[in-house]
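Chemist: Let's see this in three dimensions:
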Amino acid sequence: MVLEKQFNSITNPTLNYITFDFETVENIINEDDVLAQLEPLSVASATTINDQVTTLYFDLRNGTDFIEQWISQLFEVAIKVNEANQSNIPNITIDDKHYIPYKPQVSVIGFNSKKFDMNLLLKHLIKNKTKIQYMGSTTQAKQTVVSHQDYDFDLRFIDILSFIPPNNTLKQFVEKFGNKGIKLTKGIFPHGSFNYDNYKLVLGQTTPFTKDDFYDKLNNKNISDEDYEQYCNDFTNFESRWDYLKHYNIRDVTCMISPINHLIQITWEEKVDMLACISLAQIASQIKYKYCYDKFDINESYNIVNGFEQFEVTQYWWNNKVKGYINQDEFAKRDTTNNVTEDDFEWIRDKVVNETCHLCHNKFTKENKPTLDRIDNSIGHTKQNCQLACQICNTVKADKDNDISKLKIQLMKYVIHEHLPMTINNESVYNMLKECMQGGLSNVYHQCNLKNITHINKLRYNHVTKTITSYDNQHVVTHILDLDFNSLYPSVFSGIFNKNNPYTNNRIYQAGGVTSYFKCASNSLKQKARDVIMSADRYTDKGQLFCVRIKGHIDEKCINSHINLAPIWRKLTYNNSVEQIGEFMYNKMKSQGLTVDKPTTKLTSLLSTHNQFMCFTNYILWFLIDYCNFVVDDIDSIALFDKHLGFESFACTMMSKRQDAISQHNDTKSLYYKQILNSAFGGEGQNNAKFDKISFNNARQTSIKQLKQDHKATRKLSDDILNSDGEVIEEAQYMVSESPRQFKCNKPLQEAVFTLDNSKFWYLNFVYNFLYKCVDMDRVHFCNMDTDSMYLAIAGSQIEGYRQGLKHVIKDQLFYDQHYKEWLPWDNCSVAEEKKLMIYTMETNKMMTQFHQ
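Modeler: Numbers count the residues shown, from 1 in each chain. Below you'll find the model as predicted:
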């Protein structure tokens with residue numbers, strides 16, 4: 001990220017690219033069963049080079065191979081796109097024999113193409129001269145990179161929907177992210193009025209389609225008279241329906257250019273090249289770490305050895321190093337005649353005492369051991385050819401380019417010095433973190449809430465009979481209150497001061513690198529882990545961050561204090577039988593065709609871990625212990641982490657920019673910064689190295705791969721192509737998905753895990769330290785939670801209406817008046833107060849609603 005930041009300071013964003021779009025026609029396979037598939041009818045692409053736009057268009061009139069013709073022309077057009085992009089990149093020489101030259105890529109961008117267009121296109125990309133690198137699943141492409149042996153660049157097919165909020169249509173995309181004030185007057189085309197059998201006859205006509213041709217059988221509706229009149233007026237500019245189709249198709253690709261350019265420019269304001277990324281989450285992650293490394297200086301000395309005992313050279317250690325150097329040189333066929341020997345003990349001892357690492361200038365300690373780094377890598381380990389380097393630096397440097405080696409070494413030292421996130425290299429910790437990845441908040445407590453009908457519902461536990469009773473009290477629901485967090489995930493990873501946080505000196509720290517891990521295989525180790533969990537340091541900035549695997553329960557005597565919002569939010573595997581989930585829920589699931597009488601795993605509100613080991617991070621576990629009467633029964637293992645506040649500047653800066661955009665009524669930037677904030681957590685939870693391995697194979701290769709244990713799915717892309725003699729001239733192609741047998745953890749997974757758990761902690765903190773203290777909970781029940789929203793059914797005033805909020809259910813007015821501004825906005829407050837981190841906003845107040853699981 002830092003290398004990219006420095007590189008971006010002398011270059012420009014990628015501004016030249018191609019957009020594309022397919023139009024399709026229905027091919028009816030079986031009319032009786034209403035079975036049909038979509039076939040490509042036409043394809044259009046728009047190329048933007050230095051703000052000049054040119055287009056390509058092909059359709060079935062060009063032949064059944066019109067897509068291959070378009071791909072061929074696409075590579076030719078992309079030559080100029082690549083040249084324009086490369087002209088903005090400075091020439092850099094890298095002195096590294098292992099360096100693999102970067103092969104430039106030309107972005108080909110679709111709209112909703114990962115689900116639709118790429119499925120039409122894939123089989124046409126698989127040719128003798130091409131090689132495909134595919135990322136995604138067998139049904140959805142995140143990115144498809146196509147290499148061609150005749151070209152020195154690749155085509156990179158991506159979907160612009162990966163860079164914007166979900167659920168946007170093309171029209172909404174253009175209007176939200178394009179030039180201000182532009183409205184897309186998208187043409188209309190009656191795709192359902194013809195099919196593959198009669199398209200030539202229908203599209204060859206020179207008259208407009210009739211209004212009846214636009215009737216949508218699926219939705220049982222037609223276009224308005226005004227829209228049809230506009231269509232007829234537009235059609236006067238074209239000689240035939242084919243010409244109008246061409247106009248319609250090209251319009252879809254040219255209208256994308258303005259909003260894409262706008263997104264590129266907004267992203268570049270943070271010195272991130274949008275088209276060098278794969279998704280909004282990656283962009284957000286790069287911006288986040290740009291701020292995280294903002295104080296990095298490649299020439300600074302980052303001392304990471306303070307407080308460690310100085311390394312002591314022993315004869316035993318030196319003898320082993322000498323043997324290792326000889327073996328290393330002999331394997332590389334280097335002369336070892338003048339190599340260092342065991343008799344050079346005093347030489348190395350004095351050298352270690354008096355010198356430091358020549359790369360990072362740190363002293364040598366038990367944690368930072370010395371090694372000999374050769375000056376000339378073609379010569380062996382002689383005294384004259386060696387200088388001291390610490391193990392980390394020597395490993396990173398090897399025989400790579402000196403400048404790049406220095407940058408990597410300094411980055412590593414900076415990360416350690418600032419306690420910033422590092423990737424996980426302990427498999428046990430990785431597995432623990434994956435188990436702790438519980439997902440966001442998504443629970444339904446009361447599905448149906450009707451004004452003046454539904455009563456407030458409560459649960460009561462009977463300690464004697466060990467049963468739970470659900471009962472309605474006398475209070476009747478008057479309205480629904482929707483409390484929505486201002487960017488919950490950025491709030492909890494920001495680390496900003498908030499006096500309502502009882503732990504670690506009122507800040508929520510994020511996890512850095514792993515400092516320790518141990519299995520609690522003995523009582524002494526269990527006690528050691530328990531001491532970490534229960535340490536009084538948790539209330540100070542000395543608090544230790546951890547992830548622990550435990551069994552536990554809420555004290556039975558206190559269950560009724562917590563039963564109406566069971567605070568242990570964890571995935572639970574259970575058998576959804578009538579005995580387990582009750583007759584009412586069992587019959588409801590059965591009537592809706594849902595699977596019953598089988599094990600299922602759900603995110604569930606619990607009062608215990610159900611005698612299963614479950615993983616918790618420190619803040620949520622501390623809260624359960626201190627506020628929810630949680631008792632730790634057993635400890636399996638614990639991982640300890642460094643802690644940092646490195647994301648504070650990112651979260652605060654992005655939120656400040658969003659607030660400014662709202663104040664300036666700049667809806668585009670307001671939406672953009674909101675999405676950057678909310679997406680910044682996602683990239684760390686996705687380990688790209690674990691993505692399915694996708695390959696393209698013929699029938700024989702596919703059948704072999706289907707027999708392997710790691711096979712996941714197969715999809716047929718094309719059939720055999722025969723010549724006039726019935727001989728196969730092109731074999732059928734299949735896409736095969738396999739789980740990778742081995743993978744690296746290339747993301748700091750702990751950041752995502754702690755963010756998810758800390759969001760649950762902050763939810764509970766609001767409920768226990770605000771709602772429960774000032775609101776009469778006999779007049780409130782929880783409806784549902786969803787990511788960063790909380791819906792409350794409230795029995796307030798029957799007269800005042802649904803905008804009354806909490807006004808008539810407050811039991812401690814003094815506490816409410818003293819503290820509500822710490823959690824909620826108020827009338828006529830500023831944008832900065834309304835949209836600040838760590839607080840809720842009242843999004844909507846509804847009179848009646850029904851929630852579905």
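
Chemist: From here on, just use CA atoms for contacts and neighbour counts.
Modeler: Will do.

Chemist: OK, contacts around K129?
Modeler: With contact taken as Cα atoms under 8 Å, 6 or more residues apart in numbering, K129 is in contact with H148, Q149, D150.

Chemist: Among these, which ones are in strands?
Modeler: H148 (DSSP state E).

Chemist: what about the nearest residue in space to N698 that is not next to it in sequence, distance to A699?
Modeler: In space, N698 comes closest to Q733 once its chain neighbours are excluded; the distance is 5.0 Å by Cα to Cα, 6 or more residues apart in numbering. In this view, Q733 and A699 are 7 Å apart by Cα to Cα, to the nearest Å.

Chemist: likewise Q592?
Modeler: Distance of Q592 to A699, given as Cα to Cα: 40 Å.

Chemist: do T206 as well
Modeler: As judged by Cα to Cα, T206 and A699 stand 46 Å apart.

Chemist: cool, T787 as well?
Modeler: 44 Å.

Chemist: L545 now?
Modeler: Look at L545 and A699: by Cα to Cα, they are 52 Å apart.

Chemist: who has more neighbours, those two?
Modeler: Remark: of L545 and A699, L545 carries more neighbours, 24 against 15, as counted by other Cα atoms under 10 Å.

Chemist: leaving aside the residues next to it on the chain, what's closest to the more buried one?
Modeler: Nearest one to L545, counting by Cα to Cα, 6+ apart, is F641 at 5.4 Å.

Chemist: And what about the one you found, helix, strand or coil?
Modeler: Three-state assignment for F641 (DSSP: H, G, I helix; E, B strand; the rest coil): strand.

Chemist: ok, and what's touching stretch 140-150?
Modeler: By Cα under 8 Å, 6+ apart, the surrounding residues in contact with stretch 140-150 are 114-115, 118-119, 125, 129-136, 153-159, 162, 278.

Chemist: Show the buried residues in these.
Modeler: 114, 118-119, 125, 131-132, 134-136, 153-159, 162, 278 (16 or more other Cα atoms under 10 Å).

Chemist: Next step: the residues you listed restricted to helices.
Modeler: Among the buried ones among the contacts of stretch 140-150, the residues falling in helices (DSSP state H) are M118, N119, L125.

Chemist: and the residue of the chain positioned farthest from its centre, how far is that from Y316?
Modeler: Relative to the centre of the chain, and counting by Cα atoms, centre = their mean, the farthest-placed residue is D343 at 55.9 Å. Applying Cα to Cα, the value for D343 to Y316 is 12 Å.

Chemist: Then N377?
Modeler: 26 Å.

Chemist: swap in L707?
Modeler: Taking Cα to Cα, one finds L707 at 52 Å from Y316.

Chemist: And for S405?
Modeler: 31 Å.

Chemist: now S605
Modeler: From S605 to Y316 the distance is 57 Å (Cα to Cα).

Chemist: Compare those two (neighbour count), which wins?
Modeler: For S605 versus Y316, neighbours defined as other Cα under 10 Å are more numerous around S605 (20 against 10).

Chemist: just checking, that one touches P567?
Modeler: Yes. Between S605 and P567 there is a contact at 6.2 Å, judged by Cα atoms under 8 Å.

Chemist: can I see the domain layout of this protein?
Modeler: As given by the TED database, the domain ranges for the chain are 1-92+99-203+244-274, 315-418, 695-738.

Chemist: I'd like those laid out as CSV, including distance to I662.
Modeler: Compiled in CSV, the domains of the chain are given as follows (distance: least, Cα to Cα, whole Å):
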stretch, distance to I662
domain 1-92+99-203+244-274, 14
domain 315-418, 34
domain 695-738, 45
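
Chemist: what's the nearest residue to I676 if we skip its chain neighbours?
Modeler: Per Cα to Cα, 6+ apart, closest to I676 is A284, 5.0 Å.

Chemist: same check, this time on Y517
Modeler: Nearest to Y517 is A639, by Cα to Cα, 6+ apart, at 4.3 Å.

Chemist: what residues are up against the one you found?
Modeler: By Cα under 8 Å, 6+ apart, the contact set of A639 is V429, V514, T515, S516, Y517, F518, F546, C547, V548.

Chemist: So which of those residues sit within helices?
Modeler: V429.

Chemist: What subset of the contacts of A639 is buried?
Modeler: Buried by 16+ other Cα under 10 Å: V429, V514, Y517, F546, C547, V548, out of the contacts of A639.

Chemist: of all those, which comes closest to E26?
Modeler: Among these, V429 lies closest to E26 (Cα to Cα), at 51.5 Å.

Chemist: Surely the closest one is in contact with Y517?
Modeler: Yes. The criterion here is Cα under 8 Å, and V429 meets it with Y517 at 7.2 Å.

Chemist: Tell me which stretches of the stretch 1-150 of the chain form strands.
Modeler: Along the stretch 1-150 of the chain, the segments classed as strands by DSSP state E, counting those that start in this stretch run 17-30, 35-49, 52-59, 105-110, 130-136, 141-148.

Chemist: TSV please, covering the contacts of A639 and showing pLDDT and distance to N179.
Modeler: Shown next, in TSV, are these (pLDDT from 0 to 100; distance: Cα to Cα, whole Å):
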residue	pLDDT	distance to N179
V429	94	48
V514	93	47
T515	92	50
S516	93	52
Y517	96	53
F518	95	56
F546	97	48
C547	97	47
V548	98	50
